[in-house]
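Novice: Predicted model and sequence follow; I will ask about them next.
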Amino acid sequence: ISENSLRRLVEGLIKKYDIYGPVNTHDEAIFSKYNFRKIEPNDKMELHYGVTAVPPAKYLFPAREEVVCFKNNKAISTKKEEQKPRILFGLNLADLESINKLDKEFSSPIQDEIYAKNRENTYLFSIDHFNPEPEISYDLHFKKTGDRYEVTAGSHMGREIISGNHLFKEKKAEIITTLE
């Protein structure tokens with residue numbers, strides 16, 4: 001798939017998902033000028049970014065989150081509104097691996113319900129010059145090969161995106177699925 005098709009893919013997915021990706025903040029005063037944020041239709045993502053000021057894992061394990069409220073010394077449920085499914089798009093392999101480590105740590109020996117709820121409808125789309133290690137989970141991986149991307153589906157959701165999108169019809173031979 002070409003870089004232009006990759007950008008068109010994001011434009012199409014914005015209709016169904018909240019997309020979070022790396023953007024250049026042009027802020028030289030902080031440690032990194034790249035940051036993950038919600039992508040709007042005309043935003044330009046930086047598909048090959050350096051270190052981000054705050055890792056994209058912040059959407060799964062935020063530094064601050066309301067868990068419970070109290071009124072008159074009694075706990076009140078803080079039911080979150082239904083969240084639109086989201087995609088963390090353009091993760092580099094280091095960020096993808098860190099999210100996989102969080103998945104492992106927060107799932108055993110006792111599952112963290114708040115983390116599980118944040119992770120439930122979050123899909124991982126990574127981009128790099130290399131493939132992820134076999135034990136790393138993801139939904140779609142785009143491997144940079146020259147001026148194109150080789151696409152690998154790592155989940156059923158990734159397969160659905162590929163099979164249901166005309167952008168992938170042009171060169172089906174380049175699409176690899178890792179599911180059995």
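Specialist: Looks like it came in fine. Numbering: from 1, shown residues only.

Novice: tell me the secondary structure for residue 35?
Specialist: For residue 35, the assignment made with DSSP: H, G, I helix; E, B strand; the rest coil gives strand.

Novice: ok, now which ones touch it?
Specialist: Contacts for residue 35 (C-beta atoms under 8 Å, 6 or more residues apart in numbering) come out as 22-23, 25, 52-54. All C-beta spots, glycine's among them, are computed from the backbone N, C-alpha and C.

Novice: biggest separation within those, which pair?
Specialist: Maximum pairwise distance among the contacts of residue 35 (C-beta to C-beta): 12.5 Å, between 23 and 54.

Novice: Okay, and which of the contacts of residue 35 map to strands?
Specialist: 22-23 (DSSP state E).

Novice: Looking at the contacts of residue 35, state which has the most neighbours.
Specialist: Among those, the one with the most neighbours (other C-beta atoms under 10 Å) is residue 22, at 26 neighbours.

Novice: Could you find the closest non-adjacent residue to that one?
Specialist: Leaving aside its chain neighbours, residue 22 sits nearest to residue 49 (4.2 Å; criterion: C-beta to C-beta, 6 or more residues apart in numbering).

Novice: what do you get for residue 148?
Specialist: Spatially, and ignoring its direct neighbours in sequence, residue 148 is nearest to residue 2 (5.7 Å; C-beta to C-beta, 6+ apart).

Novice: Give me the most central residue, the protein.
Specialist: Computing the C-alpha centroid of the chain and ranking residues by C-alpha atoms, centre = their mean puts residue 88 first, at 1.7 Å.

Novice: Mind listing the shared neighbours of residue 23 and residue 54?
Specialist: Going by C-beta under 8 Å, 6+ apart, residues that sit against residue 23 and also against residue 54 are 35-36.
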